[in-house]
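**Q** based on what follows, work out the 3D shape:
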Amino acid sequence: MRKIVITIAIITICYVTYISIDIYLYGNNNEVLKVDAAIVLGAGIWGDKPSPVFEERIKHGIWLYKNEYVDKLIFTGGKGESKKKSESGVARDYAIEKFVPSKDILVEEKSKITQENIFYATKIAEDNEIFTVIIVSDPLHMRRAMLMAKDYGLKAYSSPTPTSKYITIKSKLLFLAREVFFYIGYKIYRLF
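**A** Numbering: from 1, shown residues only. Reported below is the predicted structural model:
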C-alpha cells in the first residue's frame, strides 16, 4: 500500500511539473498575424477604470488593432455584483479614448470566468461573421484560454501581453500555481 501511495505521489508531482512547464512555455507563443478580431479576456475593473492587469490586455488589443492585425476588438467581462459597469464596457470606453472607432468594438457583458469569456465571445464572433481571432491575455493564462478556444471551435491564435503586470517572481509563481490548478480542473471538466 505504501508503494502505491508513493507511486501516485511521484506521478502527481511529475504531472504537475509537466503542466507547469507547459503553461510557462506556452506563454511565449506569440502568433500575431492578420485575422478578423482580437478577443481580449477580462481581468477586473477598479471603479470605472480597468485593473492594471486588464489595462495591459486592453493596450495589447489596441496595439493589434492599430497595427492592422485585427479589424475588430471583442472585449469580454461582465458586471460584478457591486459594480456599476461591466469589465467589457470599461474596456470599450478605454479603447474609444485611445481613438478606436466604436463601430470596431464588440462587447460581451455576461461572463464572470474565462470559460464564459470564450463562450460568449464565440457567440459574438459567429453573429458578426468573424472567422479568425487572436486571443489576448497574460502569458501564463494563454494555455488554458487557447484550449478553451479550441474546444469552442474558434480558429484562434495566441498573443499574450508583452507587458504583463505579473513581473515579480512571487506574483508569477502565484499566478502559475493558480493556472495549473484551473488548467487541471478544466481538463477534468472536459472528461464529463
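
**Q** output the lowest mean pLDDT helix or strand found in the protein.
**A** Taking all helices and strands of the chain together, the one with the lowest average confidence (mean pLDDT, DSSP states H and E) is strand 45-46, at a mean of 93.

**Q** got a list of contacts for that one?
**A** Among residues not part of strand 45-46, those counted as contacts by Cβ atoms under 8 Å, 6 or more residues apart in numbering are Ser51, Phe54, Gly77, Gly80, Lys83, Lys85, Glu87, Val90. Quick note: C-beta positions are derived from backbone N, CA and C, even for glycine.

**Q** could you redo the last one with a cut-off of 6 Å?
**A** The set of residues external to strand 45-46 that reach it, using Cβ atoms under 6 Å, 6 or more residues apart in numbering, is Glu87, Val90.

**Q** with stretch 62-72 instead?
**A** Counting by Cβ under 6 Å, 6+ apart, Val32, Lys34, Val35, Asp36, Ala37, Ala38, Leu73, Ala95, Lys98, Val100, Asp104 sit against stretch 62-72.

**Q** what residues of that stretch count as buried?
**A** Neighbour-count burial for stretch 62-72, counted by 16 or more other Cβ atoms under 10 Å, picks out Ile62, Trp63, Leu64, Tyr65, Tyr69, Val70, Lys72.

**Q** how about the helices in this protein?
**A** For the chain, applying DSSP state H gives helices covering 2-26, 52-66, 87-97, 114-127, 142-151, 169-190.

**Q** compute the inter-axis angle for the second one and helix 169-190.
**A** Read it as helix 52-66. Orientation of helix 52-66 against helix 169-190 (axes from the mean of the first three to the mean of the last three Cα atoms, to 10 degrees) gives an angle of 80 degrees.

**Q** let's number from 448 now, not from 1
**A** Noted, 448 is the first residue going forward, which turns the last one into helix 499-513.

**Q** before we move on, the earlier item: the buried residues of stretch 509-519: which two are farthest apart?
**A** In terms of Cβ to Cβ, the buried residues of stretch 509-519 reach their longest pairwise distance at Trp510 and Lys519, which sit 14.5 Å apart.

**Q** identify the bridge partners of Lys519.
**A** On the basis of DSSP bridges, Lys519 is bridged to Ala484.

**Q** separation between it and Lys634?
**A** Remark: distance between Lys519 and Lys634 (Cβ to Cβ, to the nearest Å) = 31 Å.

**Q** how about Asp469?
**A** As defined by Cβ to Cβ, Asp469 lies at a distance of 11 Å from Lys634.

**Q** could you do Ile509 as well?
**A** Shown here: Ile509 relative to Lys634, a distance of 32 Å by Cβ to Cβ.
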